[in-house]
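>>> kindly return the folded structure for what I paste below:
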Amino acid sequence: MPAKLRLLIDNNKSRIVGKRKTIHKLHTHPKLRLKHPKYFFSVAWRRRQWDGYVKYVTETGSFSTGLLNQVIDVLKEQNIKYVLEDQRTHFKDIRMVKRLGGKDARPYQLEALRMLINNEYEGLKYIRGILNEATNSGKNLIAAGLIKCFSNKRRWLFLIDNSEIYDQAIEELQELLPDESIGYYRGKKIKWERIMVCMVQSLGNGTKIRTVQKWLQGVDGVIVDECDTTMPKKPCKKILTYCHEAPIRVGLSGTPLCSKDKTRNQEILAFFGPIIHTTTNKQLVEWGYSSKPHITIIEGNTEHRYPGDYNMEYQKGIIKNKKRNKKIWRRVAKRIKQERSPVLILIKNHAHIKYLMETCPAEIQDNYTIKSVHHETPNRKAIFAAFKKGKIPILISSMIIRRGKNLPLIRYLCNAAGGDSEANVLQILGRSLRKEAGVKEEVWLDDFWDIGKYLRRHSFHRVQYYKKQGFPVKELYKK
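You can find the predicted model right below:
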């Protein structure tokens, strides 16, 4: 009987012990490697010193523990016998909680917590994974619930890469965990506690300090918010290298593995492990937690003159296209007459604001306050706050609004930005679905079908992304 492979399981890196020939087979296996998206530009590849693949099992048999399921799937497929040897320290202080800060957790939140703390793989306790939770699912409550499921001896790190999400997280965690003192690390404002909410850039800069390194090395649980965008950033990677012994690893996102760069998705899986719980926008609507969306795709630009040049297509077909910009305002006027305001118009490039305003009808400019925000707007926080309270009826915003903004009063959202990102579409949809009980039960969303070599393909993809969410989509451009 052939000797079995031994898989030595640790918190960060696991190791395969066995015949070199078998390990090499795993090292080069097609399901355990990915072509690097920029291999063609590599000097090593051009000199034939590298085959262009990122390999997830090293030549010595080491692999990230988050990829354990992928490694075992290949072993089973190849009929290779193996045994698991767990070298991790196990927690005995786990308990389930149902109420936090006077609030009862929603059923799906409890389900996410149960699946996480009871998660097992191949008989091993595996308190790690990605929670794919749509906007408005209450991710901060899930995070607080996870912390509360363990004793107060545990040290926690909650990583955030958005200032609005950061402020909201500290406020909500303090409400949900009233018996705890929530620490923070942002710029020069630092307060050390066993539960730390940290801005990624600030803490990343602080990792050169020995005391910070030692604190991170003692972390029991790591929670990364919006892990799909936070994880790939260098400051986050730097932080996580010091948390290599943390057994509890949780990624939160409504769009966790939507990147077209498969190596980026694999990097997220390598640290956290696979998705273990999902809450969709459609479920939140059906359960009454989110507003019901009415999605319409209307005709955008109607001319295609710049084949093969995406930038020119975007400039002429979207940003500077007078006919398209006028259609936007006609839709806005229609929705306002239907008393569907506040109105949010999303754009990608802030230069679009100028061309939009040039086509804005006088009847709208004279009768309604219109504000605009982008990353260079100095008073954008005040504008967002006023819009959130309903004091600004029409807001034109760049994509900085797509994550972290709680804007429950939006009645009409016009996605004038185009684009081909599934994550952006889902985040945009999530902005509109926030619900305000007794004020907003439904929301209207318009998008555009544009023509052109690139714009048509992008439009087609966005339509598919909306349909994939399970909501009806009116395709008026077909008429």
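
>>> you'd agree G101 is up against D179?
No: here G101 lies out of contact with D179, judged by Cβ atoms under 8 Å, at a distance of 9.2 Å. Any C-beta I mention is one placed from the backbone N, CA and C, and that applies to glycine too.

>>> tell me which of these two has more neighbours.
A direct count of neighbours by other Cβ atoms under 10 Å for G101 and D179 places G101 higher, at 15 against 7.

>>> can you pull the pLDDT of that one?
On pLDDT, G101 comes in at 92.

>>> tell me the SS of I80?
Applying DSSP: H, G, I helix; E, B strand; the rest coil to I80 yields a three-state assignment of coil.

>>> just the pLDDT for it.
Here the pLDDT value assigned to I80 is 94.

>>> can you start the count at 8 instead of 1 from here on
Shifting the count to begin at 8 puts that one at I87.

>>> count of neighbours near it?
When neighbours are counted by other Cβ under 10 Å, I87 registers 18.

>>> give the contact list for it.
Counting by Cβ atoms under 8 Å, 6 or more residues apart in numbering, I87 touches L12, T29.

>>> distance check, it against K20.
The gap separating I87 from K20 is 20 Å, by Cβ to Cβ, to the nearest Å.

>>> ditto for H357
Look at H357 and K20: by Cβ to Cβ, they are 44 Å apart.

>>> same check on T376?
For T376, the distance to K20 - Cβ to Cβ - is 56 Å.

>>> with L276 instead?
14 Å.

>>> these two: which is more packed in?
L276 (22 against 14).

>>> you'd agree D453 is up against E306?
No: judged on Cβ under 8 Å, D453 makes no contact with E306 at a distance of 11.0 Å.

>>> which of the two has more neighbours?
Comparing D453 with E306 by neighbour count (other Cβ under 10 Å), the higher total belongs to D453, at 23 against 17.

>>> tell me the bridge partners for the more buried one.
With DSSP bridges as the criterion, D453 is bridged to T303, C421.

>>> return the residues in contact with it.
Listed by Cβ under 8 Å, 6+ apart, the contact set of D453 reads I302, T303, I304, I305, R338, Y419, L420, C421, N422.

>>> what about I246, which helix or strand?
Take DSSP states H and E as the rule and I246 turns out to sit in helix 241-249.

>>> hmm, who's touching that helix?
164, 166, 168, 205, 207-208, 210-212, 214, 220, 223-224, 229, 231, 237-238, 278.

>>> and the pLDDT at the residue lying closest to K447 once chain neighbours are set aside?
Counting by Cβ to Cβ, 6 or more residues apart in numbering, S298 is the residue found nearest to K447 once chain neighbours are left out, at 5.7 Å. Per-residue confidence (pLDDT) for S298: 91.

>>> number of residues surrounding S298?
Here the number of neighbours of S298 (other Cβ under 10 Å) works out to 22.

>>> dump the residue contacts of it.
V292, S439, L440, R441, K442, K447, E448, E449, V450.

>>> now the last one, what are its backbone angles?
The reference is to V450. phi -140, psi 150 (degrees, to the nearest 10).

>>> look up how far R342 lies from it.
From V450 across to R342, the span is 11 Å (Cβ to Cβ).

>>> identify the contacts common to these two.
R418, Y419.

>>> OK, contacts around Y46?
So Y46 contacts W52, W57, G59, Y60 (Cβ under 8 Å, 6+ apart).

>>> check what pLDDT it gets.
Looking at Y46, its pLDDT reads 94.

>>> now do I282
97.

>>> domain-wise, how is the chain divided?
Domain ranges of the chain: 12-93, 106-286, 292-485, per automatic domain parsing.

>>> can you add distance to K99 and give the ones you listed back as CSV?
Listed next are these as CSV, based on distance: least, Cβ to Cβ, whole Å:
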stretch, distance to K99
domain 12-93, 15
domain 106-286, 9
domain 292-485, 35
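
>>> re earlier: show me which pair in the contacts of Y46 is furthest apart.
W52 and Y60 (9.8 Å; Cβ to Cβ).

>>> all the strands of the stretch 58-207 of the chain, residue numbers only.
60-62, 69-71, 89-93, 106-107, 110-111, 127-128, 131-132, 135-140, 163-167, 189-193, 196-198, 202-206 (DSSP state E, counting those that start in this stretch).

>>> I'd like these as TSV, with distance to K45 appended.
Listed next are the strands of the stretch 58-207 of the chain as TSV, based on distance: least, Cβ to Cβ, whole Å:
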stretch	distance to K45
strand 60-62	11
strand 69-71	21
strand 89-93	34
strand 106-107	44
strand 110-111	46
strand 127-128	33
strand 131-132	36
strand 135-140	25
strand 163-167	26
strand 189-193	33
strand 196-198	37
strand 202-206	29
